[in-house]
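> predicted model follows, preceded by the sequence.
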Amino acid sequence: ILVSLLVGLLFALLYTRVSPDSFAVLGMASMLALDALVKSMDKVTNGVLGISGIVRPGWMPDLMMVGIVSVIVGLICLFFELILLQTPFGRKMRGFKEDEITLQSMGINTKKLSRSVIIISSLFLSIAGSLFLWRIQFLDANFGGVPALVFLLTLGILALKPKIRFVVLGSAVVTFLPEILRFFQFPSSLMGYIRDLLYALFL
(Lines give C-alpha, C1' and ligand atoms only; values in the text may rest on other atoms or scores of the structure.)
Protein backbone atom coordinates (compact mmCIF):
# COMPACT_ATOMS: atom_id res chain seq x y z
CA ILE A 1 0.00 0.00 0.00
CA LEU A 2 2.87 2.35 0.86
CA VAL A 3 4.62 1.66 -2.46
CA SER A 4 1.35 2.22 -4.31
CA LEU A 5 0.86 5.58 -2.60
CA LEU A 6 4.41 6.64 -3.46
CA VAL A 7 3.91 5.66 -7.11
CA GLY A 8 0.55 7.47 -7.09
CA LEU A 9 2.27 10.60 -5.75
CA LEU A 10 4.89 10.36 -8.51
CA PHE A 11 2.24 10.07 -11.23
CA ALA A 12 0.18 12.84 -9.62
CA LEU A 13 3.15 15.20 -9.89
CA LEU A 14 3.79 14.01 -13.43
CA TYR A 15 0.16 14.59 -14.43
CA THR A 16 0.37 18.26 -13.49
CA ARG A 17 3.68 18.80 -15.29
CA VAL A 18 2.90 17.47 -18.77
CA SER A 19 0.03 17.56 -21.25
CA PRO A 20 -2.68 14.85 -21.11
CA ASP A 21 -1.36 13.22 -24.31
CA SER A 22 2.21 13.16 -23.00
CA PHE A 23 0.98 11.75 -19.69
CA ALA A 24 -0.80 8.91 -21.52
CA VAL A 25 2.34 8.08 -23.49
CA LEU A 26 4.59 8.26 -20.41
CA GLY A 27 2.14 6.15 -18.43
CA MET A 28 2.09 3.41 -21.05
CA ALA A 29 5.88 3.56 -21.42
CA SER A 30 6.33 3.28 -17.65
CA MET A 31 4.10 0.18 -17.57
CA LEU A 32 6.19 -1.51 -20.26
CA ALA A 33 9.42 -0.47 -18.52
CA LEU A 34 8.18 -1.78 -15.16
CA ASP A 35 7.12 -5.04 -16.78
CA ALA A 36 10.62 -5.52 -18.19
CA LEU A 37 12.20 -4.57 -14.84
CA VAL A 38 10.05 -6.99 -12.83
CA LYS A 39 10.80 -9.88 -15.18
CA SER A 40 14.55 -9.22 -15.07
CA MET A 41 14.93 -8.98 -11.27
CA ASP A 42 15.14 -12.72 -10.57
CA LYS A 43 16.43 -12.36 -7.00
CA VAL A 44 13.61 -10.03 -5.96
CA THR A 45 10.58 -10.99 -8.06
CA ASN A 46 11.61 -14.49 -9.24
CA GLY A 47 11.52 -13.18 -12.81
CA VAL A 48 8.92 -14.50 -15.23
CA LEU A 49 8.00 -17.32 -12.83
CA GLY A 50 6.46 -14.90 -10.33
CA ILE A 51 6.11 -15.40 -6.58
CA SER A 52 4.04 -18.32 -5.39
CA GLY A 53 2.85 -19.33 -1.94
CA ILE A 54 1.82 -15.85 -0.76
CA VAL A 55 0.61 -16.35 2.81
CA ARG A 56 -2.81 -15.07 3.76
CA PRO A 57 -3.38 -13.34 7.10
CA GLY A 58 -4.35 -15.70 9.91
CA TRP A 59 -7.89 -14.36 10.03
CA MET A 60 -8.44 -15.32 6.35
CA PRO A 61 -7.63 -19.05 6.36
CA ASP A 62 -9.70 -20.07 3.32
CA LEU A 63 -11.30 -18.73 0.12
CA MET A 64 -14.69 -18.39 1.76
CA MET A 65 -13.29 -15.93 4.30
CA VAL A 66 -11.38 -14.08 1.58
CA GLY A 67 -14.63 -13.69 -0.35
CA ILE A 68 -16.51 -12.44 2.71
CA VAL A 69 -13.77 -9.92 3.52
CA SER A 70 -13.68 -8.77 -0.12
CA VAL A 71 -17.44 -8.13 -0.10
CA ILE A 72 -17.22 -6.25 3.20
CA VAL A 73 -14.29 -4.12 2.00
CA GLY A 74 -16.13 -3.44 -1.27
CA LEU A 75 -19.25 -2.27 0.57
CA ILE A 76 -17.15 -0.07 2.85
CA CYS A 77 -15.45 1.50 -0.18
CA LEU A 78 -18.82 2.13 -1.86
CA PHE A 79 -20.15 3.73 1.32
CA PHE A 80 -17.02 5.88 1.57
CA GLU A 81 -17.43 6.96 -2.04
CA LEU A 82 -21.11 7.72 -1.48
CA ILE A 83 -20.20 10.01 1.41
CA LEU A 84 -17.23 11.49 -0.46
CA LEU A 85 -19.33 12.49 -3.47
CA GLN A 86 -21.60 14.55 -1.21
CA THR A 87 -18.72 16.61 0.21
CA PRO A 88 -17.32 19.79 -1.40
CA PHE A 89 -14.33 17.76 -2.59
CA GLY A 90 -16.66 15.19 -4.15
CA ARG A 91 -18.63 17.88 -5.95
CA LYS A 92 -15.36 19.23 -7.34
CA MET A 93 -14.49 15.74 -8.59
CA ARG A 94 -17.81 15.48 -10.38
CA GLY A 95 -17.31 18.91 -11.89
CA PHE A 96 -13.80 17.96 -13.00
CA LYS A 97 -15.16 14.95 -14.86
CA GLU A 98 -17.97 16.89 -16.52
CA ASP A 99 -16.29 20.21 -17.41
CA GLU A 100 -12.78 21.07 -16.24
CA ILE A 101 -12.77 24.51 -17.88
CA THR A 102 -15.91 25.61 -16.04
CA LEU A 103 -14.36 24.42 -12.80
CA GLN A 104 -11.24 26.49 -13.48
CA SER A 105 -13.36 29.57 -14.22
CA MET A 106 -14.77 29.26 -10.70
CA GLY A 107 -11.28 29.67 -9.26
CA ILE A 108 -10.71 26.01 -8.36
CA ASN A 109 -7.20 24.64 -8.76
CA THR A 110 -7.87 21.59 -10.94
CA LYS A 111 -4.21 20.49 -10.86
CA LYS A 112 -4.30 20.16 -7.09
CA LEU A 113 -7.63 18.36 -7.35
CA SER A 114 -6.31 15.90 -9.94
CA ARG A 115 -3.29 15.09 -7.76
CA SER A 116 -5.58 14.24 -4.85
CA VAL A 117 -7.78 12.03 -7.03
CA ILE A 118 -4.78 10.07 -8.38
CA ILE A 119 -3.39 9.46 -4.88
CA ILE A 120 -6.79 8.36 -3.50
CA SER A 121 -7.23 6.03 -6.50
CA SER A 122 -3.80 4.52 -5.82
CA LEU A 123 -4.88 3.71 -2.27
CA PHE A 124 -8.06 1.95 -3.42
CA LEU A 125 -6.19 0.02 -6.13
CA SER A 126 -3.59 -1.19 -3.65
CA ILE A 127 -6.31 -2.52 -1.34
CA ALA A 128 -8.00 -4.31 -4.24
CA GLY A 129 -4.67 -5.73 -5.39
CA SER A 130 -3.89 -7.05 -1.91
CA LEU A 131 -7.23 -8.86 -1.69
CA PHE A 132 -6.71 -10.33 -5.16
CA LEU A 133 -3.25 -11.64 -4.25
CA TRP A 134 -4.52 -13.16 -1.02
CA ARG A 135 -7.19 -14.94 -3.04
CA ILE A 136 -4.92 -16.57 -5.63
CA GLN A 137 -1.76 -16.62 -3.44
CA PHE A 138 0.40 -16.04 -6.50
CA LEU A 139 1.99 -12.87 -7.85
CA ASP A 140 2.30 -13.18 -11.60
CA ALA A 141 5.00 -11.19 -13.36
CA ASN A 142 2.28 -9.77 -15.64
CA PHE A 143 0.06 -8.67 -12.75
CA GLY A 144 -1.22 -5.13 -13.21
CA GLY A 145 -0.02 -4.76 -16.79
CA VAL A 146 -1.84 -3.74 -19.96
CA PRO A 147 -4.74 -6.24 -19.43
CA ALA A 148 -5.47 -4.64 -16.06
CA LEU A 149 -5.33 -1.21 -17.69
CA VAL A 150 -7.88 -2.29 -20.32
CA PHE A 151 -10.10 -3.63 -17.51
CA LEU A 152 -9.94 -0.33 -15.59
CA LEU A 153 -10.45 1.83 -18.67
CA THR A 154 -13.53 -0.19 -19.59
CA LEU A 155 -14.89 0.25 -16.08
CA GLY A 156 -14.18 3.99 -16.18
CA ILE A 157 -15.94 4.46 -19.50
CA LEU A 158 -18.98 2.41 -18.49
CA ALA A 159 -19.28 4.50 -15.31
CA LEU A 160 -20.30 7.54 -17.35
CA LYS A 161 -21.16 9.63 -14.31
CA PRO A 162 -19.46 9.66 -10.88
CA LYS A 163 -22.43 8.07 -9.17
CA ILE A 164 -22.55 4.87 -7.15
CA ARG A 165 -25.06 3.10 -9.40
CA PHE A 166 -22.92 3.68 -12.48
CA VAL A 167 -19.82 2.40 -10.69
CA VAL A 168 -21.66 -0.73 -9.53
CA LEU A 169 -23.11 -1.31 -13.00
CA GLY A 170 -19.71 -0.89 -14.67
CA SER A 171 -18.06 -3.22 -12.16
CA ALA A 172 -20.73 -5.87 -12.71
CA VAL A 173 -20.35 -5.73 -16.49
CA VAL A 174 -16.56 -6.01 -16.57
CA THR A 175 -16.61 -8.73 -13.91
CA PHE A 176 -19.31 -10.99 -15.34
CA LEU A 177 -18.63 -10.40 -19.04
CA PRO A 178 -15.74 -12.92 -19.12
CA GLU A 179 -17.93 -15.49 -17.37
CA ILE A 180 -20.30 -15.47 -20.36
CA LEU A 181 -17.41 -16.62 -22.55
CA ARG A 182 -17.16 -19.86 -20.57
CA PHE A 183 -20.37 -21.08 -22.20
CA PHE A 184 -18.74 -20.97 -25.65
CA GLN A 185 -15.92 -23.33 -24.61
CA PHE A 186 -13.11 -21.39 -26.26
CA PRO A 187 -9.59 -22.82 -25.82
CA SER A 188 -8.00 -21.58 -22.62
CA SER A 189 -5.09 -20.16 -24.64
CA LEU A 190 -7.52 -17.79 -26.43
CA MET A 191 -9.78 -16.89 -23.50
CA GLY A 192 -7.68 -13.97 -22.28
CA TYR A 193 -7.34 -12.45 -25.75
CA ILE A 194 -11.07 -12.75 -26.45
CA ARG A 195 -11.87 -11.14 -23.10
CA ASP A 196 -9.56 -8.19 -23.84
CA LEU A 197 -11.11 -7.91 -27.32
CA LEU A 198 -14.57 -7.54 -25.78
CA TYR A 199 -13.28 -4.90 -23.38
CA ALA A 200 -11.67 -3.11 -26.33
CA LEU A 201 -15.03 -3.04 -28.11
CA PHE A 202 -16.46 -1.17 -25.12
CA LEU A 203 -13.58 1.30 -25.31
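Looks like it arrived, so ask away.
> residue ranges with poor pLDDT in the protein?
144-145, 160-163, 192, 199, 202-203 (pLDDT under 70).
> try 90 this time
1-8, 10-67, 70-71, 74-75, 77-86, 88-203 (pLDDT under 90).
> max-length helix in it?
helix 110-136 (DSSP state H).
> any idea how far that one is from the chain center?
Helix 110-136 has its C-alpha centroid displaced from the chain centroid by 7 Å (Cα atoms, centre = their mean, to the nearest Å).
> can you give me the buried ones in that helix?
For helix 110-136, the neighbour count (16 or more other Cβ atoms under 10 Å) marks 113-115, 117-120, 122, 125-127, 129, 131, 133-135 as buried. (Glycine included, C-beta is placed from N, CA and C.)
> among those residues, which pair sits farthest apart?
Leu113 and Arg135 (33.5 Å; Cβ to Cβ).
> how about the strands of the protein, start to end?
51-52, 138-139 (DSSP state E).
> who touches the last one?
Which is strand 138-139. 45, 50-54, 133 (Cβ atoms under 8 Å, 6 or more residues apart in numbering).
> in ChimeraX, how would I select just the buried ones from the residues you listed?
Buried residues among those (16+ other Cβ under 10 Å), as a ChimeraX selection:
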select :45,50,51,133
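> could the contacts of strand 138-139 be laid out in CSV, adding distance to Leu155?
Formatted as CSV, those follow (distance: Cβ to Cβ, whole Å):
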residue, distance to Leu155
Thr45, 27
Gly50, 25
Ile51, 26
Ser52, 28
Gly53, 30
Ile54, 25
Leu133, 19
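> closest to Cys77 among the contacts of strand 138-139?
Taking the contacts of strand 138-139 together and measuring to Cys77 by Cβ to Cβ, the closest member is Leu133, at 17.3 Å.
> the closest one reaches Ile54, doesn't it?
Yes. Counting by Cβ atoms under 8 Å, Ile54 is a contact partner of Leu133 at 5.6 Å.
> list the buried ones in stretch 52-64?
56, 60.
> can you get me the start-to-end distance on that stretch?
20 Å (Cα to Cα, to the nearest Å).
> off-centre distance for it?
22 Å.
> any idea how far Gly67 is from Leu5?
26 Å (Cβ to Cβ, to the nearest Å).
> and for Leu113?
With Cβ to Cβ as the criterion, Leu113 and Gly67 are 35 Å apart.
> also Gly107?
46 Å.
> those two: which is more packed in?
Gly67 (13 against 6; other Cβ atoms under 10 Å).
> residue contacts, that one?
With contact taken as Cβ under 8 Å, 6+ apart, Gly67 is in contact with Arg135.
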